[in-house]
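1. please find the sequence and the predicted model below.
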Amino acid sequence: MVACVTEREPFSIQVKVRTYELDPNGHVNQAVYHQYGEVARTELAVTAGVTEGLIKQGIGLVMLESHVRFRRELLFGDEATVSCVTRFEEDKKVFWMDNVITKLDGTVSAELESTIGLMDLEKRKLVPAPMERIRDAGVDLDLLRGS
């Protein structure tokens, strides 16, 4: 998988469908779409400095919810781009990381929306104001937002 970052496009990785990712119908198993999204979210967090910056503060990212909308199937050998952008809302304890999985021909295969929180790793509780905590950790918010 290769990570790509440009000024105009959101963060993305490239994936190629492998045989072991297929279900009995011959297309990508539904759980694998979540894995593709997780890889893109993790790579974005590492690239933007989220993981390193927050761990020093005793804080980690935690998945609270994940939804996928299937649009077009992926088959063995297909290559796709998995983009990732982050959305914040003021006064929320959570934020969202969205993925779009797009085939090389531009066809959208799936869209994922994940609700993320920041957890105090000692207290095992969500911390408030995640955007501020991430900014204070020296993270590139523009890269996270895809802007």
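-> That came through fine.

2. residue 34 and residue 118: what is the separation?
-> 21 Å (CB to CB, to the nearest Å). Bear in mind the C-beta positions are built from the backbone N, C-alpha and C, glycine included.

3. higher neighbour count, these two?
-> With neighbours defined as other CB atoms under 10 Å, residue 34 and residue 118 compare such that residue 118 has more, 24 against 18.

4. phi and psi next, for residue 54.
-> With angles defined as degrees, to the nearest 10, residue 54 sits at phi -80, psi -40.

5. got a list of what the most centrally placed residue in the chain touches?
-> By CA atoms, centre = their mean, the chain has its centre lying nearest to residue 41, at 2.5 Å. Residues in contact with residue 41, defined by CB atoms under 8 Å, 6 or more residues apart in numbering, are 84, 97, 99, 114, 116.

6. from the residues you listed, which two are the most distant?
-> 99 and 116 (12.0 Å; CB to CB).

7. between those two, which is the more surrounded one?
-> Shown here are residue 99 and residue 116; by other CB under 10 Å, residue 99 has more neighbours (28 against 19).

8. name the element that one belongs to?
-> strand 94-103 (DSSP states H and E).

9. distance-wise, check residue 26 relative to residue 97.
-> Noted for residue 26: a distance of 29 Å to residue 97, by CB to CB.

10. before we move on, back to that, a markdown table for the contacts of residue 41, including distance to residue 52 and pLDDT?
-> What follows is those, written out as a markdown table (distance: CB to CB, whole Å; pLDDT from 0 to 100):
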| residue | distance to residue 52 | pLDDT |
| --- | --- | --- |
| 84 | 18 | 97 |
| 97 | 17 | 97 |
| 99 | 22 | 98 |
| 114 | 21 | 98 |
| 116 | 17 | 97 |
